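Asker: Dropping the sequence and predicted coords here.
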Amino acid sequence: MKNCPKCNAQLNDDAMFCVNCGAQIGANPNPQQNAYAQPVPTATVVSSTDHTAEFSPAEVADNKLFAALIYALSIVGVVIALLANLNNKSEYLKFHIKQGLKLFITDLIVSFCTLVLCWTCIVPIAGAVCAIILLVVEIICFIQVLRNKSVEPPIISGLGFLK
């Protein structure tokens, strides 16, 4: 019999975990069992929609305000960012301008479909739900810009236009 190093509960000699607190008893109780085991390499998962590493921290710092305006002011923010990008030709700002345009065009399509089919009962409700979802996506993008992230907006990142 041996005692748990964490809670001092009595355990069998071959116990690998404490039955009382769940603590692991010994790192490798049977060294012959894992003598030939190779360490498993850990893979870093990188999202295909995350473009943060493509931009330098200086470029991000210089254009962060304009990128945030894109998501805060919609098309007005896009126009302001376009005017600001005339001089410095920032790829970071160009990325966020494209994402802002995708959001705006998607919002226009949803609004147009809702307006055309407003005589039905379900389409205006569905259009309102889609508009709320797009607003939440814009808020998510705004927060990501403030956190120095360059991630394509969820839901609309799979749309094929403006690549």
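Answerer: Cool, got the structure. As the structure is a computational prediction, the values presented were derived from the model and not from experiment.

Asker: any idea how far Ile109 is from Thr49?
Answerer: Distance from Ile109 to Thr49, counting by Cβ to Cβ, to the nearest Å: 21 Å. To be clear about C-beta, it is placed using only N, CA and C from the backbone, and glycine gets the same treatment.

Asker: Can you show me the helices along this protein?
Answerer: In the chain, the segments counted as helices under DSSP state H are 57-73, 75-88, 91-116, 122-146.

Asker: For Gly22, which of these is the nearest?
Answerer: helix 122-146 (37.1 Å; Cβ to Cβ).

Asker: what is the mean pLDDT for that closest one?
Answerer: If you average the pLDDT over helix 122-146, you get 93.

Asker: tell me what it is packed against?
Answerer: In terms of contacts (3 or more Cβ pairs under 8 Å, 6 or more residues apart in numbering; DSSP states H and E), helix 122-146 is packed against helix 57-73, helix 91-116.

Asker: Poorly predicted segments of the protein, please.
Answerer: Along the chain, segments meeting pLDDT under 70 span 27-46, 161-163.

Asker: a markdown table please, covering the helices of the chain and showing distance to Pro154 and mean neighbour count.
Answerer: Converted to a markdown table, the helices of the chain look like this (distance: least, Cβ to Cβ, whole Å; neighbours: other Cβ atoms under 10 Å):
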| stretch | distance to Pro154 | mean neighbour count |
| --- | --- | --- |
| helix 57-73 | 13 | 18 |
| helix 75-88 | 19 | 15 |
| helix 91-116 | 11 | 18 |
| helix 122-146 | 6 | 15 |
